[in-house]
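Undergrad: Sequence and predicted model, in that order:
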Amino acid sequence: MRATDIPNHTPNVWRIWQHRLQMNKAGELTEDEWEEMRRHPNVGADMIAKHSALASVAPMVRSHHERWNGSGYPAGLTGESIPLGARILAVADSFDTIISPRIYRLSAMTHEEAVDDITARSGTWYDPVVVKALRQLYHAPVLLQEEAEAAPAFRQRGAMKLLWTRPRFARLLLGTTVSSLGDPLTTVAALILVYQASHDARAVAGTYIVKALATILIGGIAGSLPDRVPRLRLIFLLELARAAILLAGGILTIAVPAVLQMWIWWILPALFLLAAINAVVQPARQAAIPELVEPRELGPANASLTAAGMIASAAGYALAGVLIWLTTQISWLFVVDGVTFALAGLLILGLGDLGGGVRKAGLLSGVARTWAVNRARVHLVIAAFGAFFLTMSFPTLIALAFKRVPDNGAQAYTLLEVMLASGIVAGSILVGRMRNVGTMRTVAQGLAITGIVSIGVALSPWFWLIAVLLLIASLGNPIYQVGNVTALMEATDSSNRGAVLSSRFALTQLAMVIGTSTGGFISAVVGPEATYATLGVGLLGLAAVAGVLQRGGERPGVSEAEAAP
């Protein structure tokens, strides 16, 4: 419908007409449409103010999307500076939105779930007094403010139920798992080729640095790609590009074995290119998740991806060993990895709109667009420091294994890696059942678990105790990671989510380079125990900061109530 089809209407009425069209839009709103939607409190209030009988209601309408902690719109009012009527309207409007199906969201919460969802944001988004009145209306126990802030928003769906009820997400998860299964194949093949050619561990370390640099570079200069290009098309084409690179190289070296000896001259550029592609694909996949699940399902969805990725990665290393044993040729690893990328790309097809396609998202504007999202900044800082401390353990683990078991350090190191992987999988399952995953409380809990137990690793006199403690410590890693990523997803919308997640990916890779170097230096000069003590104390300090932010009311996010005006 065009503006000319609606003659003799004032600009305000035309805006309301646009607003109604957007409410009935089944797909994701564009950036311009979101801007128009956020104008509706002022538009409605201006219209009401023209009628003397309703003029007193206009301030309530104008402020009904303000939040108790000042994170709302249009004026960013806080606390009791928001008119009481607006605070009541905010709760009533949210409750109606949550329990009512929309054309863009067919499912809805029950009345009890809606009450709990609103209660969880008492004192941050909503006036606690108004929330208390809502609970009384539905005969729910009246909570003290401290209890209201800690109350569960809803019972999380388990991973299996989520996969059953969200087949599009299940297909995305399957594609991501297949891709993760193949990733270790190229890693193993590349490390073997580089070491055989150089016989220098520094060259092996260089392969990791090359991959990290590719991620940092792409995140800095092309972080907006997952927003600018429709994500389904972007992921599909880039997966096929990765498949073509690996299949071409693998088949060529199988057909002409002599070429394999020359491949060392371009294996590092190939790894750089593959890592650069992954720096776009991974954030694009993450940014697509909110298009496939309900807001309340983001935590379990992220946890499912983390667990599936870790299991697939462990299976990939085992598959690499089997392929080398069966074929005695490294080239087959590249071929099989190429096949997994092709399958992952094909699985993406048919998922429908995954967001993206925001033309205003300039190719080089990723960092600027990320920094403009105020609520995401603190979570990005936490992610960077978390990655720095956690990756200090990368070069330290093998040093610790050989120091404690000098006669059989390689086998001891393998055992410790298995314990870490097992803990991460268990932690991924655990966080999927936690309440209010996208909060600083969850992030602080994950960091605290890893920090406290890492100090125990540093003080442990026995190797078997170290193995058990590392399993427990790694439980906290996915809790922190999933909490942090979920919070970022909730702090963004479809128009900027890809840029923010790309920036996070690049930022954590940069922190990884610094953290790995720092951990290696401390281990070499003082000892691996000192490294674990340092990272443990650092993580505890970071957990304390996250806890303070949580108590201060920092809870960025988009609830069911924000899905519609």
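TA: That came through, no problem. Residues are numbered from 1 along each chain as shown.
Undergrad: make it CA atoms for all contacts and neighbour counts henceforth
TA: OK.
Undergrad: Show me the helices in the stretch 451-565 of the chain, by range?
TA: 463-490, 497-525, 528-551 (DSSP state H, counting those that start in this stretch).
Undergrad: could those helices be laid out in a markdown table, adding distance to residue 339, mean neighbour count and mean pLDDT?
TA: Shown next, in a markdown table, are those (distance: least, CA to CA, whole Å; neighbours: other CA atoms under 10 Å; pLDDT from 0 to 100):
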| stretch | distance to residue 339 | mean neighbour count | mean pLDDT |
| --- | --- | --- | --- |
| helix 463-490 | 29 | 24 | 90 |
| helix 497-525 | 25 | 24 | 85 |
| helix 528-551 | 39 | 21 | 91 |
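Undergrad: mind checking which of the ones you listed is nearest residue 318?
TA: Proximity to residue 318, assessed across the helices of the stretch 451-565 of the chain by CA to CA, is greatest for helix 463-490 (20.0 Å).
Undergrad: Check the offset of the closest one from the chain's centre.
TA: Offset of helix 463-490 from its chain centre (CA atoms, centre = their mean, to the nearest Å): 15 Å.
Undergrad: looking just at contacts, which helices and strands does that helix meet?
TA: In terms of contacts (3 or more CA pairs under 8 Å, 6 or more residues apart in numbering; DSSP states H and E), helix 463-490 is packed against helix 298-327, helix 374-391, helix 409-431, helix 440-459, helix 497-525.
Undergrad: run the last query once more with 6 Å
TA: helix 409-431, helix 440-459 (3 or more CA pairs under 6 Å, 6 or more residues apart in numbering; DSSP states H and E).
Undergrad: weakest of these by average pLDDT?
TA: Note on those: helix 409-431 shows the lowest mean pLDDT, a mean of 83.
Undergrad: Dump the C-alpha coordinates for that one into CSV.
TA: In CSV, the C-alpha atoms belonging to helix 409-431 read as follows (Å, rounded to 0.1, in the frame of the first residue of the first chain):
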residue,chain,number,x,y,z
GLY,A,409,53.6,-36.3,30.0
ALA,A,410,51.9,-36.8,26.6
GLN,A,411,49.4,-39.3,28.0
ALA,A,412,48.8,-37.2,31.1
TYR,A,413,48.1,-34.2,28.9
THR,A,414,45.6,-36.1,26.8
LEU,A,415,43.8,-37.2,30.0
LEU,A,416,43.6,-33.6,31.2
GLU,A,417,42.2,-32.5,27.8
VAL,A,418,39.5,-35.2,28.0
MET,A,419,38.6,-34.0,31.5
LEU,A,420,38.3,-30.4,30.3
ALA,A,421,36.1,-31.4,27.4
SER,A,422,33.9,-33.5,29.6
GLY,A,423,33.4,-30.6,32.0
ILE,A,424,32.5,-28.2,29.2
VAL,A,425,29.9,-30.6,27.9
ALA,A,426,28.4,-31.1,31.4
GLY,A,427,28.5,-27.3,32.0
SER,A,428,26.7,-26.7,28.7
ILE,A,429,23.9,-29.0,29.7
LEU,A,430,23.8,-27.4,33.2
VAL,A,431,23.5,-23.8,31.9
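Undergrad: Tell me which residues of it come out buried.
TA: Residues of helix 409-431 classed as buried: 409, 412-413, 416-431 (neighbour count, 16 or more other CA atoms under 10 Å).
Undergrad: relative to helix 440-459, how tilted is it?
TA: 160 degrees (axes from the mean of the first three to the mean of the last three CA atoms, to 10 degrees).
Undergrad: And the protein, split by domain according to the record?
TA: Listed by automatic domain parsing, the domain ranges of the chain are 3-108, 161-364, 370-565.
Undergrad: quick one, which of the helices and strands packed on helix 463-490 is nearest to residue 188?
TA: Residue 188 lies closest, by CA to CA, to one member of the helices and strands packed on helix 463-490: helix 409-431, at 14.9 Å.
Undergrad: list the helices and strands the closest one packs on?
TA: Contacts defined by 3+ CA pairs under 6 Å, 6+ apart place helix 409-431 against helix 298-327, helix 394-404, helix 463-490.
Undergrad: Mind checking the helices and strands packed on helix 463-490 for the one nearest to residue 254?
TA: Among the helices and strands packed on helix 463-490, helix 409-431 comes nearest to residue 254, with 30.4 Å by CA to CA.
Undergrad: rewinding a little: of the domains of the chain, which stretch is the most buried?
TA: domain 370-565 (a mean of 22; mean count of other CA atoms under 10 Å).
Undergrad: about what we covered before: in JSON lines, list the helices and strands packed on helix 409-431 along with distance to residue 186.
TA: Converted to JSON lines, the helices and strands packed on helix 409-431 look like this (distance: least, CA to CA, whole Å):
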{"stretch": "helix 298-327", "distance to residue 186": "9"}
{"stretch": "helix 394-404", "distance to residue 186": "20"}
{"stretch": "helix 463-490", "distance to residue 186": "25"}
